[in-house]
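J.: Build me a structure from this.
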Amino acid sequence: MSRILYTGGTFDLFHYGHANFLKQCYNLSNKVVVSLNTDEFIEQYKGSKPILSYKEREASLLQCKYVHSVVPNIGGADSKPSILNVKPDIIAIGDDWARKNYYDQMQFTQEWLDEQEITLVYLPYTRGISTTEIKSKIVALSVGSRT
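T.: Now for the predicted structure:
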């Protein structure tokens with residue numbers, strides 16, 4: 001029986017924390033599908049453009065042996081259209097979302113997941129690495145080299 005796992009995100013500046021998360025996804029399923037946020041949605045949601053373009057981020061993900069396919073997040077803030085296109089059995093997110101309202105963020109409810117027969121799982125988030133931290137280090141190095 002095939003088990004399709006859906007996860008989504010920006011995946012800017014692909015790093016070992018991303019790879020660790022995707023490996024966990026891979027271990028839970030037969031097929032990992034990443035719904036990748038578009039450049040336009042990232043700029044609208046985060047207020048700034050990603051460092052890498054959609055195509056660059058997509059190419060990085062497709063080089064990861066734990067990812068079977070990448071699809072654009074066609075719904076923006078509403079993840080349901082992308083989820084319905086993928087038809088996953090599992091949605092995986094990092095456990096850093098455990099204290100946030102992931103349901104509101106993705107604009108679905110537990111009842112909607114139950115109707116679609118989708119299980120939501122929280123996977124351990126890799127501490128000590130993030131795209132935000134990498135960007136901060138780059139800025140600090142850049143500022144430090146000017147003095």
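
J.: Tell me, how many residues neighbour Tyr16?
T.: 11 (other CB atoms under 10 Å). For glycine as for every other residue, the C-beta is placed from the backbone atoms N, C-alpha and C.

J.: residue ranges with poor pLDDT in the chain?
T.: Counting by pLDDT under 70, the chain shows low-confidence ranges at 1, 145-147.

J.: so where do the strands sit in it?
T.: Along the chain, counting by DSSP state E, strands occupy 4-9, 31-36, 69-72, 90-94, 119-123.

J.: what does the third one rub up against?
T.: What it means is strand 69-72. 31-36, 38, 54, 58, 61-62, 82, 85-86 (CB atoms under 8 Å, 6 or more residues apart in numbering).

J.: 10 Å - rerun?
T.: Residues outside strand 69-72 that contact it (CB atoms under 10 Å, 6 or more residues apart in numbering): 4, 6, 8, 11, 31-38, 41, 54, 57-62, 64, 82, 85-86.

J.: Only the buried residues of that strand, if you could.
T.: Neighbour counts using 16 or more other CB atoms under 10 Å place Val70 of strand 69-72 among the buried residues.
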